[in-house]
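Here is a sequence together with a model predicted from it:
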Amino acid sequence: MAAINNLDNKLHTHIAELHAFNAASRLGSLTKAAEQLKITQPALSQKIKRLETFVGEPLFLRQNRGVKLTPTGKALFESTQEIFQTFHGIFKDIEKRKSAKQVRISTDFAFASHWLVPRLADLRNDLSDIDIQVFTSQTPDNPLSFQSDIIISLKTAPHTDRRNHILFEEEVFAICSPRFLEKHGPFLKASDIGNQPLLDLTASPDASWHNWSSWLELQGVKKSTQATSIGLSNYSLVIQAAIRSQGLALGWKGLIEEQIAEKELVIAWPQSVRSDRSYSLEHREDASTHVKKVFAWIKDHASRNS
């Protein structure tokens, strides 16, 4: 272990020399490498000499027109080239993201489909100089969220501050198409709903949103053993099935207003279910000015519909 730690220390000490060696090998010239690295040729030569001392043998054969790799130099160059190319690509992408007015938003499928996407045209018109990227998953606050500038997720309501804002609290209604209500309704008590075909958003047992079992339990009833149910893995599919009169669905406040306004769906039972969760808006700690602009835009437009 001590030998490994000692080697790590030496590699750390000589990383600048390895980079200088890589540049000279790639360009075949100490002069061109010094120009690219913005150092003098004598300084570059000193770096190469220190690396050769560390390796214990020459890495270059000096020639009148540049340099030629020794067998050891060639082996070292081939092993370092891919590494430095990878570094170069990573840092180039980082610099590109810093300079570009790009905002990456991570949210769940339901919020993206039923709140964000219908407003993207307005967002683009109001903030036309900013590129918007939307990433969706069932769990937008998972470990992959490090790639996002803004996260919108359904979770236990956070304390609001400059980085966190509650868009709307979780409130869930039983909804269906007008035709379904006309055929199967009216529903005079919650137990009437538990006897109907139910459209459910399938998810893992620890999912953060209500399903029909939890919703009916909070209404004081249980789903009938005679009731049929359809499980769908995407909330847009649940809504489309409800519009087509295939059953009752759960409708989240903030996501179903458009379908209610257009009379594609109606609230089947007036008593909703609430929780301590909310759709919350969060931006990363080191948010740029354009990220904060998008954050403020979403915050403002959510308040208009609340």
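Okay, I see it. A quick note: this is a predicted structure, and the numbers were derived from the prediction, not measured.

For this structure, give me the ranges with low pLDDT.
1-12, 96-100, 138-146, 203-208, 224-227, 305-306 (pLDDT under 70).

Quick one: the strands in it, in order.
Here the chain has its strands, by DSSP state E, at 60-63, 66-69, 102-107, 131-136, 150-156, 164-176, 198-201, 229-232, 249-252, 266-283.

Reformat these as CSV; add distance to residue 13 and mean neighbour count.
Placement of C-beta: from N, CA and C, glycine included. Shown next, in CSV, are the strands of the chain (distance: least, Cβ to Cβ, whole Å; neighbours: other Cβ atoms under 10 Å):
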stretch, distance to residue 13, mean neighbour count
strand 60-63, 20, 12
strand 66-69, 23, 17
strand 102-107, 37, 23
strand 131-136, 40, 15
strand 150-156, 40, 20
strand 164-176, 44, 20
strand 198-201, 56, 22
strand 229-232, 59, 15
strand 249-252, 58, 26
strand 266-283, 40, 18
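
Distance to residue 216 added to these, as a markdown table?
A markdown table is the format used below for the strands of the chain (distance: least, Cβ to Cβ, whole Å):
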| stretch | distance to residue 216 |
| --- | --- |
| strand 60-63 | 77 |
| strand 66-69 | 74 |
| strand 102-107 | 27 |
| strand 131-136 | 28 |
| strand 150-156 | 20 |
| strand 164-176 | 9 |
| strand 198-201 | 9 |
| strand 229-232 | 11 |
| strand 249-252 | 10 |
| strand 266-283 | 9 |
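
Touching, residue 229 and residue 212? I think so.
Yes. Between residue 229 and residue 212 a contact is recorded at 6.9 Å, counting by Cβ atoms under 8 Å.

list the residues that contact both of the two?
By Cβ atoms under 8 Å, 6 or more residues apart in numbering, residue 229 and residue 212 have these common neighbours: 198, 200, 223.

any idea how far the nearest residue in space to residue 175 that is not next to it in sequence lies from residue 277?
In this structure, residue 175 finds its nearest non-sequential neighbour in residue 251, 3.8 Å apart by Cβ to Cβ, 6 or more residues apart in numbering. Using Cβ to Cβ, to the nearest Å, residue 251 is found at 15 Å from residue 277.

what's the answer for residue 179, then?
Residue 179 sits 32 Å away from residue 277, taking Cβ to Cβ as the criterion.

likewise residue 133?
Counting by Cβ to Cβ - residue 133 and residue 277 are separated by 26 Å.

got it, and residue 263?
Applying Cβ to Cβ to residue 263 and residue 277 gives a distance of 28 Å.

Equivalent analysis for residue 233, please.
Distance from residue 233 to residue 277, by Cβ to Cβ: 20 Å.

got a list of contacts for stretch 117-133?
By Cβ under 8 Å, 6+ apart, stretch 117-133 touches 100-105, 134, 258, 290, 293-294, 297-298, 301.

ok, 7 Å please
Defining contact as Cβ atoms under 7 Å, 6 or more residues apart in numbering, one finds that stretch 117-133 is touched by 100, 101, 102, 103, 104, 105, 258, 290, 293, 294, 297, 301.

Tell me the buried residues in that stretch?
123, 127, 130, 132 (16 or more other Cβ atoms under 10 Å).

Specify which member of the residues you listed is nearest to residue 189.
The shortest approach to residue 189 among the buried residues of stretch 117-133 belongs to residue 123, at 42.6 Å (Cβ to Cβ).

and residue 46, how many neighbours?
Neighbourhood size, residue 46 [other Cβ atoms under 10 Å]: 14.

Same check on residue 161?
Around residue 161 there are 8 other residues, counting by other Cβ under 10 Å.

Ok, residue 256 next?
Based on other Cβ under 10 Å, the number of other residues close to residue 256 is 23.

Tell me if I'm right that it and residue 175 touch.
Yes. Counting by Cβ atoms under 7 Å, residue 256 does reach residue 175; the two are 6.2 Å apart.

Spit out the residues that contact the two alike.
residue 265.

For the longest helix anywhere in the chain, buried residues please.
The residue-count maximum for a helix in the chain (DSSP state H) belongs to helix 71-99. By neighbour count with 16+ other Cβ under 10 Å, helix 71-99 contains the buried residues 73, 76, 77, 80.

Report the distance from it to the chain centre.
26 Å (Cα atoms, centre = their mean, to the nearest Å).

tell me what that helix is packed against?
helix 15-27 (3 or more Cβ pairs under 7 Å, 6 or more residues apart in numbering; DSSP states H and E).

And the helix it packs on, what's buried?
17, 18, 19, 20, 21, 22, 23, 24, 25, 26, 27.

Tabulate the residues you listed in JSON lines, adding columns for distance to residue 166.
Output for the buried residues of helix 15-27, formatted as JSON lines (distance: Cβ to Cβ, whole Å):
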{"residue": "17", "distance to residue 166": "54"}
{"residue": "18", "distance to residue 166": "51"}
{"residue": "19", "distance to residue 166": "48"}
{"residue": "20", "distance to residue 166": "53"}
{"residue": "21", "distance to residue 166": "55"}
{"residue": "22", "distance to residue 166": "51"}
{"residue": "23", "distance to residue 166": "52"}
{"residue": "24", "distance to residue 166": "57"}
{"residue": "25", "distance to residue 166": "56"}
{"residue": "26", "distance to residue 166": "53"}
{"residue": "27", "distance to residue 166": "56"}
